[in-house]
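**Student:** structure, please.
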Amino acid sequence: MKHCRKSYPGPECLDARLADQPEGNWNDFRNELWDCYCAVRDRLRDDQRGLCAYCEMDLTDDNRQIAHFHPKGDNASGHNLALDWANLWFACKGGTQTWMQDEDKYLPTISDNSSCDERKGGLILDGHILAPNEVPAFPRIFRYEQGLGRLEIHPDDSVCADAGLDPAKVRRTIHELNLNCKRLARARNNVREGLDEAIAKLREAHVDDPHSALQDLVKRRFSENGEGRWPRFFTLIRWRFGQVAESYLQSIQFNG
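**Tutor:** Residues are numbered from 1 along each chain as shown. You can find the predicted model right below:
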């Protein structure tokens with residue numbers, strides 16, 4: 001889970017809909033104002049640079065949705081959270097699409113391998129877990145632990161404390177979103193193996209300036225998707241390349 005930037009103001013058409021129908025619901029908005037829905041979707045995609053706000057899976061046409069951090073059906077506050085730009089995030093479908101052949105996107109059983117917004121469902125977790133924009137851009141607050149064929153995400157307790165974040169809250173975020181389910185842990189491990197292979201090839205090449213070569217590798221990894229999209233499991237890549245990645249992200253003024 002990485003810092004996600006939220007650009008303001010939100011799409012004008014969404015604000016207009018909320019002003020026109022203060023009690024309007026999400027389904028009616030999507031069905032009646034499809035062009036506006038697409039504008040909201042595309043803005044979220046661009047803000048998040050193509051990654052799920054929770055698991056950092058790359059979002060494709062068959063694996064994406066607009067998610068509400070606070071459940072859209074909760075009207076207790078008197079504020080319409082269904083149409084509140086600040087409450088909207090772009091997310092994957094959390095491993096719930098049983099027809100998918102890609103095991104990164106679906107792995108039986110759903111009860112064990114659902115994640116992200118699909119896992120959170122209608123729970124009100126505001127304040128109990130991190131919202132995507134509450135994850136700091138710096139420092140990196142997550143670390144990873146290797147298992148047999150899996151790579152798990154965990155809070156870096158000391159870094160969290162230094163950043164003023166309760167590690168228990170970060171840990172609960174991972175738990176409630178099920179970010180260490182088998183499906184995601186296996187997918188992360190595959191990315192980790194690819195990174196290790198690239199680093200090994202670099203070492204075997206015996207280049208004259210290995211540090212500069214590693215910097216170039218980091219730069220390529222963070223721009224390989226093109227179209228301004230981050231690569232899947234951004235934070236894993238950041239962690240694997242360590243200080244070289246941190247220096248590069250600082251140099252480009254990374255902010256989500």
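**Student:** for the stretch 1-150 of the chain, what spans make up the strands?
**Tutor:** 65-68, 88-91, 142-147, 150-155 (DSSP state E, counting those that start in this stretch).
**Student:** can I get the ones you listed in a markdown table with mean pLDDT?
**Tutor:** Putting those into a markdown table (pLDDT from 0 to 100) gives the following:
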| stretch | mean pLDDT |
| --- | --- |
| strand 65-68 | 97 |
| strand 88-91 | 98 |
| strand 142-147 | 97 |
| strand 150-155 | 98 |
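**Student:** pick the most buried one from those strands.
**Tutor:** Greatest average neighbour count among the strands of the stretch 1-150 of the chain goes to strand 88-91 (a mean of 26), per mean count of other C-beta atoms under 10 Å. To be clear about C-beta, it is placed using only N, CA and C from the backbone, and glycine gets the same treatment.
**Student:** so which of the strands of the stretch 1-150 of the chain comes closest to residue 216?
**Tutor:** strand 142-147 (23.4 Å; C-beta to C-beta).
**Student:** now what about the closest one, what contacts it?
**Tutor:** 1, 151-156, 170, 185, 188-189, 192, 235-236, 239-240 (C-beta atoms under 8 Å, 6 or more residues apart in numbering).
**Student:** tell me which of these is nearest to residue 82?
**Tutor:** Nearest member of the contacts of strand 142-147 to residue 82, counting by C-beta to C-beta, is residue 1, at 23.5 Å.
**Student:** what residues does that closest one make contact with?
**Tutor:** Residue 1 makes contacts with 53-56, 130, 132, 135, 142, 153, 173-174, 177, 179, 235, as judged by C-beta under 8 Å, 6+ apart.
**Student:** also residue 168?
**Tutor:** For residue 168, the contact set (C-beta under 8 Å, 6+ apart) is empty.
**Student:** could you redo the last one with a cut-off of 10 Å?
**Tutor:** When contacts are counted by C-beta atoms under 10 Å, 6 or more residues apart in numbering, residue 168 touches 128, 155, 157, 160.
**Student:** helix/strand/coil for it?
**Tutor:** helix (DSSP: H, G, I helix; E, B strand; the rest coil).
**Student:** okay, buried residues for stretch 174-184 please.
**Tutor:** Of the residues in stretch 174-184, 174, 176, 177, 178, 179, 180, 181, 182, 183, 184 count as buried by neighbour count, 16 or more other C-beta atoms under 10 Å.
**Student:** list the contacts for the second one?
**Tutor:** To tie it back to what came earlier, the one meant is residue 176. 54, 115, 119, 120, 121, 123, 125, 128, 129, 130.
**Student:** isn't the first one right next to residue 4, touching?
**Tutor:** Yes: with contact taken as C-beta atoms under 10 Å, residue 54 and residue 4 are classed as touching, separated by 9.3 Å.
**Student:** settle it for me: which of these two has more neighbours?
**Tutor:** Counted by other C-beta atoms under 10 Å, residue 54 and residue 4 do not tie: residue 54 has more neighbours, with 32 against 24.
**Student:** separation between the more buried one and residue 238?
**Tutor:** 16 Å (C-beta to C-beta, to the nearest Å).
**Student:** can you check residue 129 too?
**Tutor:** 21 Å.
**Student:** quick one: find the helix or strand in the protein with the lowest mean pLDDT.
**Tutor:** Lowest on mean pLDDT, DSSP states H and E among the helices and strands of the chain sits helix 210-221, with a mean of 92.
**Student:** what helices or strands is that one leaning on?
**Tutor:** Secondary-structure packing of helix 210-221 (3 or more C-beta pairs under 10 Å, 6 or more residues apart in numbering; DSSP states H and E): helix 182-204, helix 234-251.
**Student:** give the buried residues for it.
**Tutor:** In terms of neighbour count (16+ other C-beta under 10 Å), helix 210-221 has its buried residues at 214, 215, 217, 218, 221.
**Student:** what of stretch 183-194?
**Tutor:** So stretch 183-194, judged by 16+ other C-beta under 10 Å, has buried residues 183, 184, 185, 186, 187, 188, 189, 191, 192.
**Student:** mind putting the residues you listed in JSON lines, pLDDT included?
**Tutor:** Below are the buried residues of stretch 183-194 laid out as JSON lines (pLDDT from 0 to 100):
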{"residue": "183", "pLDDT": "98"}
{"residue": "184", "pLDDT": "98"}
{"residue": "185", "pLDDT": "98"}
{"residue": "186", "pLDDT": "98"}
{"residue": "187", "pLDDT": "98"}
{"residue": "188", "pLDDT": "98"}
{"residue": "189", "pLDDT": "98"}
{"residue": "191", "pLDDT": "97"}
{"residue": "192", "pLDDT": "97"}
